[in-house]
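Enquirer: sequence first, then the predicted structure:
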Amino acid sequence: MSTPDATAIASGSLGRLGLADLSGAARRGVAYGALGTLLLASLVFALGVASGPSVEVPASKSGFPEWLAGPLPDVGLAMTSARFISLLTLMALCHALVLALSGALRVRYAVAAIVGAHLIYTLAPPVLSPDVFGYLAYARMDVVHGLNPYVQAPFAIPDDEVYTFVRWRMQIDPYGPLFTLVSYPLGLLSLAAGLWASKAAAGLVSLGLVGLVWASARRLGVAPLGPALFVGLNPFLLLYGVGGAHNDLLMMALAMLAAFLVLDRREALGGGALVAAIAVKASAGLLLPFVVLGAARRRRLAAGLALGAALVIGATLVAFGIEGAQGMLGALGSQSEKISSHNLPNGLGWALGSGGVTAGVRAVAAAALVGSLATLLVQVRRGRLDWVTAAGWGMLALLLSTTWLMHWYLVWLLPLAALGRSRSLKLAALLLPAVMVVTGLPPVPK
């Protein structure tokens, strides 16, 4: 399957601005300048959030403990709302320039920049979301307090040191059993050690995701540097995904492992990897029908899916019991009912004068999602669309139809858009974060 380079959309747009007419030396200068500026802006952001309490860092009510600041020095750089928006905008523009001029970059320097950017955000305090403390709370509930996180909520451990950092104290664990189980060793550590182990794991998993995009691009016959830069230097993946240590990175790393294995005609292993991704976070389940249609040997894929599902179900029942399994399903249901401050269904509800999301608006959004997925699957079945691109469009449809949308959910789309054939899909992946910022989702730090 052939696919345009992931930099094509940026190159076409910026070429109209005159960059295509630059000499080779000038193109290299602009490319490396953009790359260096992106890294410098990232470092300024990381030093800023490490220098003291701010809205960007989910500090406890008792203050900003030294262990939360992490290894970066306090340079006295206050992170204001204006500085946050300015740095994010600068990073996004630099990312676009890097994509447009990636042909002028030496591969080893570009890869070093991806690794360096990940290191910066790994060393920064957890930013813009306290979810990582929720992960640790669910782990500590079991391994420290002997409580089932699919039956009881963090509200049951008010004396634990993690409690003051947790936002969703009445929420039963909404994540998959595989993620909960692999996070248990972190619960045995001190809170500080657990946090920084989580941050280190997020950085490594994200780099693994980039590596799988690289390998998949080569399997598709595409120069891998463009897709790797498309994903690995995206400011939203870095700032929100790695910076916030979100488990969406693990979900998509396993999903892209499944995609690579299917592309490599190792369908049984691919099926098992996809089940693992779903067992981290249920959102990966959207990819299942596309992977099935894309597999060359579906019986082997089915065997891998069946074995993986049996192992996950068995492990869930052994670890959490029937009551825990029921609680997990209930938590997933309650999660789907949540409404973030700004999303497309909510905007539609306001535009229709209903004051936001209603049952009717939910029904329309759900119907639009089902219709979109059905259309895409038919196109794949008829050979009019490749399954990777179709999966990317399907993931975009999910993001646009959900009533609970966060910036770091962009990682669900980025790898598929980078590898897909559609320039429009790539453009949508680059522009979706801008729409999120403009609409204030989540609320911009004050």
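Expert: Structure received. Residues are numbered from 1 along each chain as shown.

Enquirer: what number of residues lie near F236?
Expert: 25 (other Cβ atoms under 10 Å). Backbone N, C-alpha and C define where each C-beta goes, glycine included.

Enquirer: need the contact list for it.
Expert: 407-408, 410, 433 (Cβ atoms under 8 Å, 6 or more residues apart in numbering).

Enquirer: and which of these is nearest W67?
Expert: W408 (23.4 Å; Cβ to Cβ).

Enquirer: give me every residue that touches the nearest residue to the closest one once chain neighbours are set aside.
Expert: In space, and not counting its chain neighbours, W408 is closest to Y240: 4.0 Å by Cβ to Cβ, 6 or more residues apart in numbering. Taking Cβ under 8 Å, 6+ apart, we find Y240 in contact with 127-129, 246, 406-408, 410.

Enquirer: cool, P345 as well?
Expert: P345 neighbours (Cβ under 8 Å, 6+ apart): 357, 361-362, 364-365, 401-403.

Enquirer: which secondary structure elements does the longest helix belonging to the chain contact?
Expert: Longest helix of the chain, by residue count under DSSP state H: helix 298-336. In this structure, helix 298-336 packs against helix 177-187, helix 267-280, helix 288-294, with contacts taken as 3 or more Cβ pairs under 8 Å, 6 or more residues apart in numbering; DSSP states H and E.

Enquirer: with distance to A82 added, can I get those helices in a markdown table?
Expert: Output for the helices and strands packed on helix 298-336, formatted as a markdown table (distance: least, Cβ to Cβ, whole Å):
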| stretch | distance to A82 |
| --- | --- |
| helix 177-187 | 35 |
| helix 267-280 | 36 |
| helix 288-294 | 42 |
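
Enquirer: surely A113 touches L233?
Expert: Yes - the pair A113 / L233 is scored as a contact, 6.8 Å apart, by Cβ atoms under 8 Å.

Enquirer: more neighbours: these two, which one.
Expert: L233 (26 against 20).

Enquirer: surely the more buried one touches A96?
Expert: No - between L233 and A96 there is no contact, the gap being 10.3 Å when judged by Cβ under 8 Å.

Enquirer: show me the shaky parts of the stretch 51-200 of the chain.
Expert: Counting by pLDDT under 70, the ranges of the stretch 51-200 of the chain that qualify are 53-63.

Enquirer: how about the helices in it?
Expert: 66-69, 81-100, 107-123, 131-143, 177-187, 191-219 (DSSP state H, counting those that start in this stretch).

Enquirer: next: the stretch 301-446 of the chain.
Expert: Using DSSP H, counting those that start in this stretch, helices in the stretch 301-446 of the chain cover 344-351, 359-381, 387-401, 414-419, 423-439.

Enquirer: in TSV: these, plus distance to G208.
Expert: Converted to TSV, the helices of the stretch 301-446 of the chain look like this (distance: least, Cβ to Cβ, whole Å):
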stretch	distance to G208
helix 344-351	31
helix 359-381	27
helix 387-401	19
helix 414-419	11
helix 423-439	20
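
Enquirer: who wins for proximity to P224 among the ones you listed?
Expert: helix 414-419 (9.8 Å).

Enquirer: now what about that closest one, what contacts it?
Expert: 3, 6, 209, 212-213, 216-217, 220, 222, 226-228, 230-231, 234, 237, 252, 255-256, 259, 388-389, 391-392, 395-396, 425-426, 428-429.
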